[in-house]
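> Give me the fold of what follows.
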Amino acid sequence: MKLLMGLVQPDFGDMYIFGEKIGDDSFEYLKRIGSIIENPYFYEKMTGRQNLEMHCDYMGYHNYERIAGVLDLVDLQDAEGKAVSHYSLGIKQRQPIARSVLTKPELLILDEPINALDPKGIREMRLLLQKLNQDYGTSVFISSHILSEVEQIAEQIGIISDGKLRKEISINEIHEYQAEYLELSVDDVSRAARILEQSGKCPHFTVVSDTVIRIYDTDISGKEISALIVKNGVGLESIGRKQNSLEDYFFHLAEEGGSYDPFV
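Sure, this is the predicted structure:
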């Protein structure tokens, strides 16, 4: 992200954005991008509106009328006249978004945009990003460790582990891997595994931990499995039907170094 924004220089290779190669003297393309990378800063003694007006000036975007609409978009219309130093944490988290979308960017680059947000703030951010993409045609490039949120908003996923891009894949393709399974929590996982194996009723199961087993045979009922386990003297703490998540996909991919099998 820093490379694309010209904040650091590449050691090797070429970069392309909007179909054009980025050179040492490239800068015009930056007018088409909005970004939040690391900690965004504002002039604390100036109001939110004054900070946005100044941003318009140095970006060469002299449409001050858009400021009101952007403040409304991120629910900051009641705070525009306050000095930034008087902003609450929630407002401070939305002000950078207002600045990043002010000039109607074609591409929005966001580094961990939902870090430190409360559940309400995370939901608002998710809805805002979806609105920007669907209503305004803005492409959004996000880095995030909160995979459950990424799964809800992303169309294309790039998985990075140990500094390497392990996989680039669409969210629809990931959903094809998301096998449904029964998860059992038991007090004797070795004995429970033997019971399942000897029964011949569920050939696809895996021992996840010292207490957890996942059964991937979806045609077998939880009631039948419960009866089988308990009847043979194994303590059953819990049982429930679940589905592999993006998090499961990530860890399997990272651990296997590029391959993924939901039954392993």
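> alpha carbons only for contacts and neighbour counts from here, please
Will do.
> Tell me which residues of stretch 29-39 come out buried.
30, 33-37 (16 or more other C-alpha atoms under 10 Å).
> And for it, what's in contact with it?
By C-alpha atoms under 8 Å, 6 or more residues apart in numbering, the residues outside stretch 29-39 that reach it are 1-2, 5, 18, 59, 96-97, 99-101, 103-111, 113.
> mind saving the C-alpha coords of it as CSV?
C-alpha atoms of stretch 29-39 as CSV (Å, rounded to 0.1, in the frame of the first residue of the first chain):
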residue,chain,number,x,y,z
TYR,A,29,-2.5,9.1,-10.6
LEU,A,30,-2.6,10.0,-6.9
LYS,A,31,-5.4,12.4,-7.6
ARG,A,32,-7.6,9.4,-8.4
ILE,A,33,-6.9,7.6,-5.1
GLY,A,34,-8.1,8.1,-1.5
SER,A,35,-6.2,6.4,1.3
ILE,A,36,-5.8,5.8,5.0
ILE,A,37,-2.4,4.3,5.9
GLU,A,38,-1.2,3.9,9.5
ASN,A,39,-2.2,7.0,11.6
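> For Y29, see how far away the most centrally placed residue in the chain is.
Geometric centre of the chain, nearest residue: V150, 2.4 Å, by C-alpha atoms, centre = their mean. In this view, V150 and Y29 are 27 Å apart by C-alpha to C-alpha, to the nearest Å.
> which non-adjacent residue is nearest F18?
Y29 (8.0 Å; C-alpha to C-alpha, 6 or more residues apart in numbering).
> ok, now R191?
V234 is the one closest to R191 (C-alpha to C-alpha, 6+ apart), at 7.3 Å.
> For the stretch 1-150 of the chain, give me the ranges with low pLDDT.
Within the stretch 1-150 of the chain, the segments meeting pLDDT under 70 span 116.
> can you map out the helices along it?
All helices of the stretch 1-150 of the chain, identified by DSSP state H, counting those that start in this stretch, fall at 48-59, 65-73, 89-101, 119-136, 147-153.
> List the buried residues in the third one.
In other words, helix 89-101. By neighbour count on 16+ other C-alpha under 10 Å, the buried set for helix 89-101 is 91-101.
> for the chain, what spans make up the strands?
Secondary structure of the chain by DSSP state E: the strands cover 16-17, 20-21, 33-36, 107-111, 139-143, 156-161, 164-170, 180-186, 205-207, 212-215, 236-243.
> and the angle from the fourth one to strand 139-143?
What separates the directions of strand 107-111 and strand 139-143 is an angle of 10 degrees, with axes from the mean of the first three to the mean of the last three C-alpha atoms, to 10 degrees.
> Describe which strands strand 107-111 pairs with in its sheet and in which direction.
strand 33-36 (parallel), strand 139-143 (parallel) (DSSP bridges).
> Equivalent analysis for the first one, please.
According to DSSP bridges, strand 16-17 forms sheet pairs with strand 20-21 (antiparallel).
> so how far is Q156 from the nearest residue to K201 once chain neighbours are set aside?
Among residues not flanking K201 along the chain, I220 sits closest, at 7.7 Å (C-alpha to C-alpha, 6+ apart). For I220, the distance to Q156 equals 33 Å [C-alpha to C-alpha].
> burial measure for the closest residue to Q130 other than its chain neighbours, as a count.
Nearest residue to Q130, sequence neighbours excluded (C-alpha to C-alpha, 6+ apart): I153, at 6.8 Å. Residues contacting I153 under the criterion other C-alpha atoms under 10 Å number 14.
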